[in-house]
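sharing a model prediction with you, sequence too.
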Amino acid sequence: MEQPIAMNTLSQILEKLRLKGKDNELKMSDHGKMQSKSLGKIYKPEDLTIVKTYRFEGDSDPADNSVLYLLEDQDKNIGYILDAYGIYSDNDGPSFDDFLKKIPTENRDEQELFC
């Protein structure tokens, strides 16, 4: 039986998502909802579930710290939100954080997500 390969870097995980056709990035719209341009969908928090969270820390530069949220929508599409920590975040104001806090969480195993 083949042993799973640990994914330790952001680029490894994003490449794995791309290879599996699950590289649907979600970004906050001007209307306070998440939007996936590749899927052509707009989401409210209750339309999504966070299924895995990865945190990455740069070796020497705090600006390299980031978090990757893998999400599943009601149609079982997998997407992701990528953001930096704290003051380096691409999302200004409290609306992004408030949106994330409203999304239910269901931690899943990597093998289930990437099969």
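Cool, got the structure.

identify the single longest helix in the protein, thanks.
helix 10-19 (DSSP state H).

what score does E110 have for pLDDT?
On pLDDT, E110 comes in at 72.

over to E106?
Predicted confidence (pLDDT) for E106: 90.

ok, back up a step: helices or strands next to the longest helix of the chain in the packing?
strand 48-56, strand 66-73, strand 78-84 (3 or more Cβ pairs under 8 Å, 6 or more residues apart in numbering; DSSP states H and E). Where you see a C-beta, it was placed from the backbone N, CA and C, and this is true even at glycine.

average pLDDT for that helix?
For helix 10-19, the mean pLDDT works out to 90.

give me the angle between it and strand 78-84.
Put simply, helix 10-19 runs at 160 degrees to strand 78-84, going by axes from the mean of the first three to the mean of the last three Cα atoms, to 10 degrees.

convert helix 10-19 to CSV, retaining C-alpha atoms only.
Provided in CSV are the C-alpha atoms of helix 10-19 (Å, rounded to 0.1, in the frame of the first residue of the first chain):
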residue,chain,number,x,y,z
LEU,A,10,1.8,26.1,0.8
SER,A,11,2.9,25.6,-2.8
GLN,A,12,2.7,21.7,-2.4
ILE,A,13,-0.9,22.0,-1.2
LEU,A,14,-2.0,24.4,-3.8
GLU,A,15,-0.4,22.2,-6.5
LYS,A,16,-2.2,19.2,-5.2
LEU,A,17,-5.5,21.1,-5.3
ARG,A,18,-4.7,22.1,-8.9
LEU,A,19,-3.9,18.6,-10.0
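
now do it: distance to the chain's middle.
12 Å (Cα atoms, centre = their mean, to the nearest Å).

so which bits of it are buried?
Residues L10, I13, L14, K16, L17 are the ones in helix 10-19 that count as buried (16 or more other Cβ atoms under 10 Å).

give me the angle between it and strand 66-73.
For helix 10-19 against strand 66-73, the angle by the same axes, to 10 degrees is 20 degrees.

which among the helices and strands packed on helix 10-19 is found nearest to P104?
Of all the helices and strands packed on helix 10-19, strand 48-56 sits nearest to P104, with 5.2 Å by Cβ to Cβ.
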